[in-house]
Every structure is written in C-alpha cells, then in structure tokens.
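**Student:** build me a model from this:
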Amino acid sequence: MIAPPSAGGSTWMRRFGDYSDGFASGWMRLRGTRRRRGVDRGFILSDHADWPGLLWAIGQTGAERVMVTHGSVAVLVRHLREQGA
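**Tutor:** Numbers count the residues shown, from 1 in each chain. Model (predicted):
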C-alpha cells in the first residue's frame, strides 16, 4: 500500500494490524535518514519522479494490487488498468 507520510500511526493504518513500513524519497540517499524517520525500509525514489519512472517503479514492485491515494489518481489508475497491473 502506498500512503502519504501523514498516514503513519493513524487509526486508518492501525486497522491493518502489524505491518512493516517504508519511506520512498530522494532524501533516502542521505546516511541515517531511514533511522531518523523510524521506518523499516527506505527506498531511494524521488517524489518528483517523471511519469515513465513512476510507472516503471510500480511495475518493478510486482504488486498484484496498487492503491493510489495522492496525485492524479484517476489518470494513474486508468493507465495501470490498461497495462494489466
């Protein structure tokens, strides 16, 4: 599931039970960022990714289901459905 940082620790997230969390940001290039953010995993991925890069990254996860909560939701969901994701 991809959600904005504000979802961390929320009642919405707690309903999913135990989970591992990660944070995707260009800031993950800096040493210690993952530890300071208090997340299980850090992914170096700029939140200013271009469209092809974003679609590539989603495809590389191998996820069977993608949930979009931010940005051009309708456009992205439509494109993913057309690609069979």
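
**Student:** for the chain, what spans make up the strands?
**Tutor:** Using DSSP state E, the strands of the chain run over residues 22-24, 41-43.

**Student:** where exactly do the helices run in this structure?
**Tutor:** Secondary structure of the chain by DSSP state H: the helices cover 11-14, 33-37, 51-61, 73-82.

**Student:** out of those helices, which is closest to Ile2?
**Tutor:** Ile2 lies closest to helix 51-61 among those, at 8.7 Å (CB to CB). Where C-beta positions appear, they are placed from N, C-alpha and C, glycine not excepted.

**Student:** next, the buried residues of the closest one.
**Tutor:** Of the residues in helix 51-61, 54-55, 58 count as buried by neighbour count, 16 or more other CB atoms under 10 Å.

**Student:** give me the angle between the helix or strand of the chain with the lowest mean pLDDT and helix 51-61.
**Tutor:** Ranked by mean pLDDT, DSSP states H and E, the helix or strand of the chain with the weakest confidence is helix 73-82, at a mean of 78. Interaxial angle, helix 73-82 versus helix 51-61 (axes from the mean of the first three to the mean of the last three CA atoms, to 10 degrees): 50 degrees.

**Student:** related to what we said a few turns ago, need the helices of the chain in CSV (columns: distance to Met67).
**Tutor:** Converted to CSV, these look like this (distance: least, CB to CB, whole Å):
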stretch, distance to Met67
helix 11-14, 12
helix 33-37, 21
helix 51-61, 11
helix 73-82, 9
